[in-house]
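Q: predicted model and sequence follow; I will ask about them next.
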Amino acid sequence: MEDHLTTTPDDGEPSIPPELKELEPDRLYAVLTYRGELASWEWTFFVPDSSIPPVGSSGTLFHVINTLSEHESSGTWKFKAETKDVVSSPHVVAIIRLGDVGFLGQYEDVVGNDSLMPMFKAVVIPDPESPKHLLDFSSRTWFLDAICTLHECGVVTCDDVWLLERELRRFAFSAMDQYLQNKGPNFISIACALSDHGIGWTAYISEQCT
């Protein structure tokens, strides 16, 4: 199950960097999706397929899912890569641009088995019987471990994953107002196309991961 963060943004909240106006091709994004509580999100990675407009309407989502069933107390965590439309999802709260992955090749190369995929698969998912699996593991902890792997492999530059976590949580808290008001996306170029879907996400540019 997803962890529930009860921390609120710092007093004297630092300024939020300017919001993105549209998703860009050849970029790696963090996507935080709503899980029913104010401070509970699923943390995922997303690479858009720029051949399908608007950018972000199709791409590959990399994340871990919990296969909890009604007969289980904790479920099993598994890595999953799937094609998703994030810009029209009613659950997306914040989309954060992380780094440029265009140097890895075309979209199919970037998301394929010889590029990002093995890096994400290398991130350890604890054994279902381990205490860490039951108590500490979540999509957030997997995401942060994956950032460390991407940094070590030279895909992104993130000198302090703790500062990145703070930054992404701050973005998500800031975006929740827009999300809960359900006023539609802030992307000018696709607002008209998507405003009728009742979407309320906001997009940012990370300063802690490039």
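A: Structure received. No experiment lies behind these values; they were computed from the predicted model shown.
Q: now the helices for the protein?
A: Using DSSP state H, the helices of the chain run over residues 107-110, 116-121, 131-135, 139-152, 161-181, 188-194.
Q: looking at those, which is closest to Ala81?
A: Ala81 lies closest to helix 116-121 among the helices of the chain, at 6.4 Å (Cβ to Cβ). Bear in mind the C-beta positions are built from the backbone N, C-alpha and C, glycine included.
Q: flag every buried residue along the closest one.
A: 116-117, 120 (16 or more other Cβ atoms under 10 Å).
Q: pull the CA atoms of it into PDB?
A: Provided in PDB are the C-alpha atoms of helix 116-121 (Å, rounded to 0.1, in the frame of the first residue of the first chain):
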ATOM      1  CA  LEU A 116      16.100   2.900 -19.000                       C
ATOM      2  CA  MET A 117      14.300  -0.400 -18.600                       C
ATOM      3  CA  PRO A 118      17.300  -2.400 -17.100                       C
ATOM      4  CA  MET A 119      18.200   0.500 -14.800                       C
ATOM      5  CA  PHE A 120      14.700   0.500 -13.300                       C
ATOM      6  CA  LYS A 121      14.600  -3.200 -13.100                       C
END
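Q: can you tell me what sits against it?
A: 28, 45, 47, 62, 79, 81, 101, 104, 110-111, 146, 149-150, 153, 155 (Cβ atoms under 8 Å, 6 or more residues apart in numbering).
Q: surely Glu82 touches Ser58?
A: No - in this structure, Glu82 is not within contact of Ser58 by Cβ atoms under 8 Å, at 11.2 Å.
Q: of these two, who's got more company?
A: More crowded of Glu82 and Ser58, by other Cβ atoms under 10 Å: Ser58, with 18 against 11.
Q: pull the helix or strand with minimum mean pLDDT from the protein.
A: helix 188-194 (a mean of 34; mean pLDDT, DSSP states H and E).
Q: need the contact list for Asp160.
A: The contact partners of Asp160, by Cβ under 8 Å, 6+ apart, come to Gln208.
Q: separation between it and Trp142?
A: As judged by Cβ to Cβ, to the nearest Å, Asp160 and Trp142 stand 18 Å apart.
Q: beta partners of the most centrally placed residue in the chain?
A: For the chain, the residue nearest the mean C-alpha position is Val31 (2.4 Å; Cα atoms, centre = their mean). Val31 has these beta-bridge partners by DSSP bridges: Thr44, Ile95.
Q: wait, it sits on Gly59?
A: No - Val31 lies out of contact with Gly59 (Cβ under 8 Å); the separation is 9.7 Å.
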